[in-house]
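Participant: Predicted model, plus sequence, below.
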Amino acid sequence: MEETSVQMLLVLSSLLCCTTNQALTASLTVSPSSSQMFKGEFVSLSCEEDDSSAGWMLRRNTTKETRAECGAKWGKTVHSSCNIGHIITMDSGVYWCESRERATSNSINITVTGGSVILQSPVLPVMEGDDVTLHCKTKTSNLPADFYKDGSLIGTEPAGGHMTIHNVSKSDEGLYKCNSSSHGESPSSWITVTDKPPTTALPPVSAALPTVSVAPPPASAPLQLVFRLVCHLVVFCPYFISTLVMVSLYRHRPAGNDLPVSMVTPPPTQAAERLAEEVDDIVAVTTEHHF
Ligand SMILES: *[C@@H]1O[C@H](CO)[C@@H](O)[C@H](O)[C@H]1NC(C)=O
Ligand SMILES: *[C@@H]1O[C@H](CO)[C@@H](O)[C@H](O)[C@H]1NC(C)=O
Ligand SMILES: *[C@@H]1O[C@H](CO)[C@@H](O)[C@H](O)[C@H]1NC(C)=O
């Protein structure tokens, strides 16, 4: 009776473990690393995952589609990437990776313009304290331009066409754009500023980097921890129960045997040996006895 329930618990716990132990994290990167792109550009997005068996898929929301999967109505899956050969303004939207269990990666906003100016700003959240460089550019060069945050002028760069915000803080979060007298205005892009994590050191964020990788959204970390905890609890419970069952069985052995009760060297009775064999998979019990 007891053995059956212990075995059932064990099967249940191993099933739980198999489903929860798989990776719940992935990070989405985009190349070129820009949140604004010109119509006609080649764009490659990829999910960098811990475990490909979790079935991470690239999805997007645009004005026309919701949770649309790469390869179905848009993009082309090539190895672990999703490529858009010739991006169009309708491809503007939010992109993310999602596993079969619906775990999600960081998301990236992409704006595709049919105009001649883009603001090149970091695609991924910027960490507090970092420097951020904004470029105002055409397809071929940087432009002398004005830079705006939430509609207010924050800087004029008549020469280079790029502006650096040093030591960013939460207050630098907002909607940025640039404007050049010769070519006009860029679309707007949101810049997110996150708290500096205590341990992980990420490379300095710069809009000029070809690809930038970032940790998954913080929400998935506690979730994973809870899964792990539950998993461990469920796994250790049968071990604990089976140990209790064995100890109690030995305690209730017929009297007359004055050997000390021990898990490691059980008395060589038939019942004990059968029990030991049956729970062999659960607890490492030595069935060989050396007297
Ligand atoms: C995509 O759209 C769905 C439905 O409107 C929404 O629930 C979801 O949060 C959106 N995803 C992202 C990453 O914005
Ligand atoms: C995407 O853009 C919207 C609105 O512009 C903003 O609220 C959101 O935080 C952005 N998401 C990311 C991941 O930057
Ligand atoms: C863009 O900049 C030019 C001068 O650099 C200015 O005349 C024009 O009004 C600006 N446009 C907007 C929409 O701010």
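Facilitator: Arrived safely. Ligands and ions are numbered 1, 2, ... in the order given.

Participant: Would you mind naming what in the stretch 151-291 of the chain lies close to ligand 2?
Facilitator: 190, 192 (CB under 6 Å from any ligand atom). Using the backbone N, CA and C atoms, a C-beta is placed for each residue, glycine as well.

Participant: so what's the one residue in the stretch 151-291 of the chain that gets nearest to ligand 2 closest to, chain neighbours aside?
Facilitator: As assessed by CB to the nearest ligand atom, ligand 2 sits closest to Trp190 within the stretch 151-291 of the chain, at 4.2 Å. Distances taken as CB to CB, 6 or more residues apart in numbering place Leu175 nearest to Trp190, at 5.6 Å, with adjacent residues excluded.

Participant: The strand or helix carrying that neighbour - contacts with which helices or strands?
Facilitator: Per DSSP states H and E: Leu175 is located in strand 174-180. In terms of contacts (3 or more CB pairs under 8 Å, 6 or more residues apart in numbering; DSSP states H and E), strand 174-180 is packed against strand 118-120, strand 132-137, strand 145-149, strand 184-185, strand 189-191.

Participant: any idea of the angle the second one forms with strand 145-149?
Facilitator: Which is strand 132-137. If you take axes from the mean of the first three to the mean of the last three CA atoms, to 10 degrees, strand 132-137 sits at 130 degrees to strand 145-149.

Participant: what mean pLDDT does strand 132-137 have?
Facilitator: Averaged across strand 132-137, the pLDDT comes to 94.

Participant: what does that strand rub up against?
Facilitator: Strand 132-137 is contacted by residues 117-122, 126, 142-143, 145, 147, 157, 161-165, 168, 172, 176, 178-180, 186, 191, 205-208 when judged by CB atoms under 8 Å, 6 or more residues apart in numbering.

Participant: Pull out the CA atoms of that strand and give them to me as PDB.
Facilitator: Output of strand 132-137 as PDB, limited to C-alpha atoms (Å, rounded to 0.1, in the frame of the first residue of the first chain):
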ATOM      1  CA  VAL A 132      23.400  56.700 -24.300                       C
ATOM      2  CA  THR A 133      24.300  57.900 -27.800                       C
ATOM      3  CA  LEU A 134      21.600  59.000 -30.200                       C
ATOM      4  CA  HIS A 135      22.200  59.300 -33.900                       C
ATOM      5  CA  CYS A 136      20.100  61.200 -36.300                       C
ATOM      6  CA  LYS A 137      20.800  59.700 -39.700                       C
END
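
Participant: Among the contacts of strand 132-137, the buried ones, what's the ChimeraX command?
Facilitator: A single ChimeraX command selects the buried members of the contacts of strand 132-137 (16 or more other CB atoms under 10 Å):
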select :117,118,119,120,121,122,126,142,143,145,147,157,161,162,163,165,168,172,176,178,179,180,186,191,205,206,207
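
Participant: what's across from the closest residue in space to Glu173 that isn't next to it in sequence in the sheet?
Facilitator: Setting aside the residues directly before and after it, Glu173 is nearest to Val193 in space (CB to CB, 6+ apart), at 4.6 Å. Val193 has these beta-bridge partners by DSSP bridges: Val126.

Participant: For Val193, which residues are in contact?
Facilitator: Contacts of Val193 (CB under 8 Å, 6+ apart): 125-128, 168-170, 172-173.

Participant: what do you get for Val117?
Facilitator: So Val117 contacts 136-138, 143, 145, 178-180, 183-186 (CB under 8 Å, 6+ apart).

Participant: Roughly how far does whichever residue of the stretch 1-150 of the chain sits closest to ligand 1 sit from ligand 3?
Facilitator: Of all residues in the stretch 1-150 of the chain, the one sitting closest to ligand 1 is Asn61 (3.6 Å; CB to the nearest ligand atom). When CB to the nearest ligand atom, to the nearest Å is applied, the distance between Asn61 and ligand 3 equals 28 Å.
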